[in-house]
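Q: One predicted model, sequence on top.
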Amino acid sequence: MNNELAYQYEQYKTANPKVRIRDAAKELGVTEAELVAVGPNNIRLRPAFEALLNEIPRLGYVMALTRNDYAVHERKGIYTEAHFTDKIGLVVNPEIDLRLFLFSWHSIFAVQEGDRKSIQFFAKNGEAIHKIYLTERSDFTAFAAILEKYQLLDTDQPIILSTDAQVLEASEDSQQEVDVAAFQKDWLALEDTHHFFAMLKKHKVERTKAMEIAPPGHSKAIAVEQLKAVLHQVSEKGIDIMVFIGNKGCIQIHSGKMEKLVQTGPWFNVLDSEFNMHLREDHIAATWLVRKPTVDGIVSSLEVFDATGELIVQFFGKRKPGIPESEDWRGVLTLLDA
């Protein structure tokens, strides 16, 4: 253990008792994984990601947390079996809905913060990917058994492998002139929203640039206040939507209603019993209404970006393949067409 860092962290927490570990890590010039590693009650686990994820259903009712710099997604429920194809995995049920990308996953810790117990997954650069918190309804005996089974005995294994795992350098290709006509033609020919990323890659177009050169009528820049107005309408009308928040290693999805909306300083929050969202609106650089063709008709989304062009959060109307977009969702989006 890094005793000096452990001492610094304890001193920092004493002076800043309400600080989140992610923010403390930035202030101390280290990564979140390094601070977790010096926690006296924390246990490092073997990085058997697929096997361990398929033990999580034993825990019963838990809270899943996935975040990026400016948005947090918290969803309570019960995990079901994770299915993997190479390093890409899915956990899919009405409560816990995840897309997992194991390329950057590196370490796992069982964490105890006061009375809170969790299993936390970290990337090669020490940033948190996904966290699973026990609730009062969880199986604590199963939690103890998982820790005993997966505890890492070789504690000398490095916690950080790369300091820039999430930094994408602009390539020469990204600076090349885009064939806008060809790009728009491919956009209009889309048959599935899941093909959108492949289209961007084909044309070497960043997502925010794509919004700017989309076919007429298929993207529109909107203000943060307009975004919030739509979400308030969603809440008031009881419309089922989908909320996607993620990072390089995990995307977490909520499908359902958003009922209790609360503004707390710069944070725009959803504070429902099963789903919480925290969106840091003062770091939103761009928000777009986006329309993509599919075999089921147009699918509309609200997409929110930070100053670096990274996606913070996406909102869709709740739907499944083979089912057209809900008219209720389309109806509230007409607020943005004026």
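A: Cool, got the structure. Numbers count the residues shown, from 1 in each chain.
Q: Which helix or strand contains the closest residue in space to Glu32 that isn't next to it in sequence?
A: Spatial nearest neighbour of Glu32, excluding adjacent residues (CB to CB, 6 or more residues apart in numbering): Ala25 at 4.6 Å. Every residue, glycine included, has its C-beta placed from N, CA and C. Remark: Ala25 resides in helix 21-28, with elements defined by DSSP states H and E.
Q: export that helix as PDB, just CAs?
A: This file holds the C-alpha atoms of helix 21-28, laid out as PDB (Å, rounded to 0.1, in the frame of the first residue of the first chain):
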ATOM      1  CA  ILE A  21     -13.700  10.200  -4.600                       C
ATOM      2  CA  ARG A  22     -13.600  11.100  -8.300                       C
ATOM      3  CA  ASP A  23     -13.100  14.800  -7.400                       C
ATOM      4  CA  ALA A  24     -10.600  14.000  -4.600                       C
ATOM      5  CA  ALA A  25      -8.500  12.000  -7.100                       C
ATOM      6  CA  LYS A  26      -8.300  15.000  -9.400                       C
ATOM      7  CA  GLU A  27      -7.400  17.300  -6.600                       C
ATOM      8  CA  LEU A  28      -4.600  15.000  -5.400                       C
END
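Q: Against which helices or strands is it packed?
A: helix 3-15, helix 32-37 (3 or more CB pairs under 8 Å, 6 or more residues apart in numbering; DSSP states H and E).
Q: what about that helix, distance to the chain center?
A: 19 Å (CA atoms, centre = their mean, to the nearest Å).
Q: So what touches it?
A: Helix 21-28 is contacted from outside by 5, 8-9, 12-13, 16, 19, 31-32, 34-36, 67, 126, 128, using CB atoms under 8 Å, 6 or more residues apart in numbering.
Q: end-to-end on stretch 84-92?
A: One end of stretch 84-92 to the other measures 12 Å (CA to CA, to the nearest Å).
Q: what stretches of the stretch 51-200 of the chain score poorly on pLDDT?
A: The model of the stretch 51-200 of the chain has pLDDT under 70 over residues 163-176.
Q: Can you show me the strands along it?
A: Remark: strands assigned in the stretch 51-200 of the chain by DSSP state E, counting those that start in this stretch are 60-67, 71-78, 83-85, 88-92, 97-101, 105-113, 116-123, 128-138.
Q: Ile251: which of those strands is closest?
A: Closest to Ile251 of those is strand 97-101 (CB to CB; 4.2 Å).
Q: can you state the direction angle for the closest one and strand 60-67?
A: Counting by axes from the mean of the first three to the mean of the last three CA atoms, to 10 degrees, strand 97-101 lies at 60 degrees to strand 60-67.
Q: For Asn41, what are phi and psi?
A: Dihedral angles of Asn41 (phi, psi; degrees, to the nearest 10) stand at phi -100, psi 0.
Q: Not counting sequence-adjacent ones, nearest residue to it?
A: Gln112 (4.1 Å).
Q: Can you give the domain ranges for this structure?
A: Domain segmentation of the chain under automatic domain parsing yields 3-90+104-150, 173-336.
Q: Tabulate those domains in TSV, adding columns for mean neighbour count and distance to Gln157.
A: Supplementary listing: the domains of the chain in TSV, determined by neighbours: other CB atoms under 10 Å; distance: least, CB to CB, whole Å:
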stretch	mean neighbour count	distance to Gln157
domain 3-90+104-150	17	8
domain 173-336	16	19
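Q: Is it correct that Ile119 is in contact with Ser107?
A: No - using CB atoms under 8 Å, Ile119 is not in contact with Ser107, being 11.5 Å away.
Q: gap between the residue nearest to the spatial centre of the chain and Thr66?
A: With distances taken as CA atoms, centre = their mean, Gly246 lies nearest the centre of the chain, 1.7 Å away. Plainly put, Gly246 is 6 Å away from Thr66 if you go by CB to CB, to the nearest Å.
Q: circling back: right, and the strands of the stretch 51-200 of the chain - which one's nearest His254?
A: strand 71-78 (5.4 Å).
Q: Sheet-wise, list the partners of the closest one with their directions.
A: strand 60-67 (antiparallel), strand 275-280 (antiparallel) (DSSP bridges).
Q: Just the C-alpha atoms of that strand, please, in PDB.
A: Output of strand 71-78 as PDB, limited to C-alpha atoms (Å, rounded to 0.1, in the frame of the first residue of the first chain):
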ATOM      1  CA  ALA A  71     -23.400  12.700 -16.000                       C
ATOM      2  CA  VAL A  72     -24.200   9.900 -13.600                       C
ATOM      3  CA  HIS A  73     -26.700   7.100 -14.200                       C
ATOM      4  CA  GLU A  74     -27.900   5.100 -11.200                       C
ATOM      5  CA  ARG A  75     -30.400   2.200 -11.700                       C
ATOM      6  CA  LYS A  76     -31.700  -0.200  -9.100                       C
ATOM      7  CA  GLY A  77     -32.600  -3.800  -9.900                       C
ATOM      8  CA  ILE A  78     -31.400  -7.400 -10.300                       C
END
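Q: I'd like to check the angle between it and strand 128-138, please.
A: Using the same axes, to 10 degrees: strand 71-78 against strand 128-138 is 40 degrees.
Q: Can you name the residues in contact with strand 71-78?
A: Contacting residues not belonging to strand 71-78 are listed as 57, 60-67, 93-97, 135, 243, 245-246, 252, 254, 273-280, 304, 312-313 [CB under 8 Å, 6+ apart].
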